[in-house]
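Asker: Show me how the following folds:
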Amino acid sequence: MTNNEDENDVLEVANVPVDAEVNVYDAPTGGNRIGQEIGAQTPGPVTIPFTNSSLWSDATVYLALKETGKQESPRVAVPVLTLSPTSTLNLIQISWSNAIDYSDIKIYLNDVLKADTGNINYYDFNGLAQGTSYSIRVELRDPDVDGPQVIIRAIVPTQNEL
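Answerer: Residues are numbered from 1 along each chain as shown. Prediction:
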């Protein structure tokens with residue numbers, strides 16, 4: 001799940017079988033289907049965009065797969081996390097919820113890896129230029145699965161001299 005602070009959020013599901021439905025719900029059972037995409041003619045990833053980011057902040061959505069001729073799979077919880085930045089003249093401090101306790105976290109500033117760490121929910125960027133916007137990305141990973149499971153992105157400005 002990618003939570004883009006200033007753009008549409010997206011959920012990318014890897015290895016979707018041919019023509020399978022990927023359904024996204026707002027509850028572990030029952031509830032409402034809030035997203036759906038159909039897999040392509042070849043197995044591979046499916047991307048589901050969400051246009052109302054405010055609905056998904058610090059929440060969980062539930063993913064299920066339905067292949068042709070089969071019942072829908074059990075739903076899998078997918079967290080949607082937000083970045084909570086604060087800034088001063090030359091410092092940006094970020095924090096995020098990490099309810100699932102991912103143990104592999106990568107933190108980027110302007111697409112440069114700044115930290116590759118364990119289970120934390122905050123980070124400080126020091127020595128930044130005043131009045132400058134920075135691109136921040138946090139990737140939360142399960143070390144037993146390839147690729148990031150949750151990505152949070154934001155553009156955060158430092159303050160100008162007051």
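Asker: Pull the distance from stretch 75-93 to the chain's centre.
Answerer: Centre-to-centre, stretch 75-93 and its host chain are 10 Å apart (Cα atoms, centre = their mean, to the nearest Å).
Asker: Endpoint to endpoint, it covers what distance?
Answerer: For stretch 75-93, the separation between the terminal residues is 35 Å (Cα to Cα, to the nearest Å).
Asker: what's the answer for stretch 14-24, then?
Answerer: 14 Å.
Asker: Same check on stretch 123-141?
Answerer: 16 Å.
Asker: If you tally nearby residues, what's the number for Leu113?
Answerer: The tally of other residues near Leu113 (other Cβ atoms under 10 Å) stands at 11. For every residue, glycine as well, the C-beta is placed using N, CA and C.
Asker: hang on, I meant Gln36
Answerer: For Gln36, the count of nearby residues is 14 (other Cβ under 10 Å).
Asker: Please tell me how far the closest residue in space to it that isn't next to it in sequence sits from Ala14.
Answerer: Among residues not flanking Gln36 along the chain, Asn23 sits closest, at 5.2 Å (Cβ to Cβ, 6 or more residues apart in numbering). Remark: distance between Asn23 and Ala14 (Cβ to Cβ, to the nearest Å) = 16 Å.
Asker: neighbour-wise, which of these two wins?
Answerer: Neighbours were counted for Asn23 and for Ala14 using other Cβ under 10 Å; Asn23 has more, 19 against 11.
Asker: Help me confirm that that one comes into contact with Glu72.
Answerer: Yes. With contact defined as Cβ atoms under 8 Å, Asn23 and Glu72 form a contacting pair (6.8 Å).
Asker: Give the residues shared as contacts by these two.
Answerer: Counting by Cβ atoms under 8 Å, 6 or more residues apart in numbering, the contacts common to Asn23 and Glu72 are Ala64, Leu65, Lys66.
Asker: The second one belongs to a strand, doesn't it?
Answerer: Yes. According to DSSP: H, G, I helix; E, B strand; the rest coil, Leu65 belongs to a strand.
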